[in-house]
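Asks: After the sequence you'll find the predicted model.
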Amino acid sequence: EAQVTQNPRYLITVTGKKLTVTCSQNMNHEYMSWYRQDPGLGLRQIYYSMNVEVTDKGDVPEGYKVSRKEKRNFPLILESPSPNQTSLYFCATASFLRAGKNSPLHFGNGTRLTVT
Amino acid sequence: GQQLNQSPQSMFIQEGEDVSMNCTSSSIFNTWLWYKQDPGEGPVLLIALYKAGELTSNGRLTAQFGITRKDSFLNISASIPSDVGIYFCAGRNRGSTLGRLYFGRGTQLTVWP
């Protein structure tokens, strides 16, 4: 079954304590991306990766890091979390069908992060 | 970053009614997508549009890529309770890389039986 798996689903942490949210996909997709969802703001792109070892900033990259050492995994790292990073986070993946287009985004089920 | 204006923010309708929501951008887009998000889950693609003027249906849902390339709309006909959720428009503008996808702020749909 095609899946995008995020872990953990829920996380409560304290300011400054480094954390990692993992994202794994079994569809061999080249493209992976992280979004955060906040009430009234929709989904905002944090970082994305077009392929292994290729990452780029989205709209709101400050305070986040990512890595893409292998195709299936795209972890989101918060080196020093702050309360304004309390949010619902989604990982999404897609394949490239042909030049100029990619397949629909497949989303994980989200990680709800609370930073106190 | 690119701003997508999605309206309305929320809708409260009776079962059986038709629904219409739209999205506008300040720049030309070459891809418009519509997603639905159920509570506790990630968004799921409903309809993808790749050409100006394109009109595409998926069951009771119909979406169109505006001819100006700066807007798109989604219609839901004869709504049912399971249509409840948040609907997002998303798109890619002509100048951005393939990886940059922008989302609207969502339309929260409530359907009363």
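Replies: Received it, and whenever you're ready, just let me know what you need. Numbering: from 1, shown residues only, chains lettered A, B, ... in the order given.
Asks: and B:Y87, what element?
Replies: strand B:85-93 (DSSP states H and E).
Asks: Check which strands are paired with that strand and give the direction for each one.
Replies: Strand B:85-93 sits in its sheet next to strand B:29-37 (antiparallel), strand B:102-103 (antiparallel), strand B:107-112 (antiparallel), going by DSSP bridges.
Asks: would you turn these into a markdown table with mean pLDDT?
Replies: As requested, these are exported to a markdown table (pLDDT from 0 to 100):
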| stretch | mean pLDDT |
| --- | --- |
| strand B:29-37 | 93 |
| strand B:102-103 | 90 |
| strand B:107-112 | 96 |
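Asks: any chance of those strands in a markdown table, plus mean neighbour count?
Replies: In short, each C-beta sits where N, CA and C put it, glycine included. Listed next are these as a markdown table, based on neighbours: other C-beta atoms under 10 Å in any protein chain shown:
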| stretch | mean neighbour count |
| --- | --- |
| strand B:29-37 | 24 |
| strand B:102-103 | 24 |
| strand B:107-112 | 17 |
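Asks: so who does the closest residue to A:L11 other than its chain neighbours touch?
Replies: Nearest residue to A:L11, sequence neighbours excluded (C-beta to C-beta, 6 or more residues apart in numbering or on different chains): A:L113, at 5.1 Å. Applying C-beta atoms under 8 Å, 6 or more residues apart in numbering or on different chains to A:L113 gives the contacts A:11-13, A:19, A:21, A:81, A:85-89.
Asks: Would you mind checking those residues for buried ones?
Replies: For these, a neighbour count by 16 or more other C-beta atoms under 10 Å in any protein chain shown gives the buried set as A:11, A:13, A:19, A:21, A:81, A:85-89.
Asks: sec struct for the residue nearest to A:L11, please.
Replies: Here A:L113 is strand, with the state taken from DSSP: H, G, I helix; E, B strand; the rest coil.
Asks: hang on, the earlier thing: ok, of the contacts of A:L113, which one's closest to B:G106?
Replies: A:L88 (12.2 Å; C-beta to C-beta).
Asks: Now tell me what touches the host helix or strand of that closest one from outside.
Replies: In this assignment (DSSP H and E), A:L88 forms part of strand A:87-94. Outside strand A:87-94, the residues that touch it by C-beta under 8 Å, 6+ apart are A:4, A:6, A:21, A:23, A:25, A:27, A:29-38, A:43, A:46, A:74, A:76, A:102-108, A:110-113, B:42-43.
Asks: from the residues you listed, which would you call buried?
Replies: Buried among those (16+ other C-beta under 10 Å): A:4, A:6, A:21, A:23, A:25, A:29-37, A:43, A:46, A:74, A:76, A:102-108, A:110-111, A:113, B:42-43.
Asks: Next up, the contacts around the residue in chain A positioned nearest to chain B.
Replies: The nearest approach of chain A to chain B comes at A:F107, 2.9 Å away (C-beta to the nearest C-beta). Neighbouring residues of A:F107 by C-beta under 8 Å, 6+ apart: A:4, A:90-92, B:42-44.
Asks: Give me the phi and psi angles of B:S10.
Replies: phi -150, psi 160 (degrees, to the nearest 10).
Asks: Identify the residues contacting it.
Replies: Counted by C-beta under 8 Å, 6+ apart, B:S10 has contacts B:107-110.
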